[in-house]
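Undergrad: okay, here's the prediction I keep looking at, along with the sequence it came from:
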Amino acid sequence: MVGTVLVTGATGTLGREVVRLLVARGVAVRGLSRRARAAGDGVEWVVGDLVTGAGLAEALAGVGTVVDCATTQGKQDVAAVGRLVAEARRAGVGHLVYVSIVGIDRVPLAYYQAKLGCERVVRESGLGWTVLRATQFHDLVLKAFDLSARLPVFPVVSGARIQPVEVREVAARVADLVGREPAGFAPEVAGPRVRSYRELAEAYLRAAGRRRVLVPLPLPGALGRALRAGGLTAPERAVGEGSFEQALARRFG
């Protein structure tokens, strides 16, 4: 029996989909939110804050599995996961599923270093744990392109390669892990194809019906080398089926 599942980051891009899938499978789901929310759609909403620790003990009462989809964009992630782990141990949680990112050990970004720190906290937690790394969601790429499209020219990271994945496919993998024994590092989830940043930018502009001059943005040093080398990709784990073009079609019609 899975028991009650607490989902942190339950109102975010991934968390919403994980909650929806678990409810559809008949799982008792408790969603953690920093603000009070009305009960509905089969979810028990509780108020809690991973950064301050407020409400965590109550949120974890009677929980068998925790799915951690939350992030502070790296600023306080390690401390937040540490508080979650400490309270989960006290509550007797049996399984912590932590969602992470492909390539964080290859690409030198501050946010990725924070995610690596979170993984370390999870591994050393004393809890049964599973870490699932996924490539960038289509939604994240679209947000980046939306911002770029507001500029007079459209910056394109020179030589960068990424492998975006459909968030619903990642959520399905997370939901599957909830019903299994702790697995340590689970097989990574990546999108169907490795794509150049420029190729995706061109597809975005076509779908949006916009004209912009694409301007190469070279990134120097280790970061640029890592992105050009495909540090954010996992070609051997191209298990996703939803394409970026399909995401664009949903977005722009």
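TA: Sure, I can see it. Residues are numbered from 1 along each chain as shown.
Undergrad: C-alpha from now on. contacts and neighbour counts both.
TA: Fine.
Undergrad: and the residue nearest to Thr13 when sequence neighbours are not counted, what are its phi and psi?
TA: Distance criterion CA to CA, 6 or more residues apart in numbering; nearest residue to Thr13, sequence neighbours excluded, is Val167 at 7.5 Å. Note on Val167: its backbone torsions stand at phi -60, psi -30 [degrees, to the nearest 10].
Undergrad: and Val167, how far is that from Ala190?
TA: With the distance defined as CA to CA, to the nearest Å, Val167 ends up 10 Å from Ala190.
Undergrad: looking at these two, which is more packed in?
TA: Shown here are Val167 and Ala190; by other CA atoms under 10 Å, Ala190 has more neighbours (31 against 23).
Undergrad: how far away is that one from Gly159?
TA: Distance, Ala190 to Gly159, by CA to CA: 19 Å.
Undergrad: what's in contact with the one helix or strand Tyr204 maps to?
TA: Element membership of Tyr204 [criterion: DSSP states H and E] is helix 197-208. With contacts defined as CA atoms under 8 Å, 6 or more residues apart in numbering, helix 197-208 is touched by 142, 145, 156-162, 211-212, 244-245, 248-249, 252.
Undergrad: so which of the residues you listed are in strands?
TA: Among the contacts of helix 197-208, the members found in strands (DSSP state E) are Val156, Val157, Arg161, Ile162.
Undergrad: circling back to that earlier point, wait, doesn't the residue nearest to Thr13 sit right on Leu140?
TA: No - assessed by CA atoms under 8 Å, Val167 is found out of contact with Leu140, at 9.7 Å.
Undergrad: shared neighbours, the two?
TA: Common contact partners of Val167 and Leu140 (CA under 8 Å, 6+ apart): none.
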